[in-house]
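K.L.:
Predicted model follows, preceded by the sequence.
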Amino acid sequence: MQKTDKVVISATTLITSLLCYSYAKDKGKDAAPFVMVGAFIGSLIGEALVEQMGSGQTYKQLSENGYNRNPGTG
């Protein structure tokens, strides 16, 4: 895992946990469960973003190295 991957995951985790915290405070509820669930959801979103960013770079690298996406056509 690269440093930028960790930054993306941490940022999405922070943003979603803060959003859930503000929601809980606005509704007058205990913030701890909301923050925990928000952080979990944020980490899942961050992992998905990193995976999407990584897969695009991997395909680009593969195509630069001569990888043929459709092996039966040439």
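P.N.:
Perfect, I can see it now.
K.L.:
for the lowest-mean-pLDDT helix or strand in the chain, which positions count as buried?
P.N.:
Counting by mean pLDDT, DSSP states H and E, the chain has its least confident helix or strand at helix 31-64, which shows a mean of 82. Buried residues in helix 31-64, defined by neighbour count with 16 or more other C-beta atoms under 10 Å: 31, 34-35, 38-39, 41-43, 45-46, 50. For the C-beta atoms, the positions are set from N, CA and C on the backbone; glycine is no exception.
K.L.:
Distance to Ser22 for these - can I get that in CSV?
P.N.:
Shown next, in CSV, are those (distance: C-beta to C-beta, whole Å):
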residue, distance to Ser22
Ala31, 9
Phe34, 9
Val35, 10
Gly38, 10
Ala39, 14
Ile41, 15
Gly42, 14
Ser43, 19
Ile45, 17
Gly46, 19
Val50, 25
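K.L.:
Verify the stated contact: Val37 with Tyr21.
P.N.:
No: using C-beta atoms under 8 Å, Val37 is not in contact with Tyr21; the gap is 10.9 Å.
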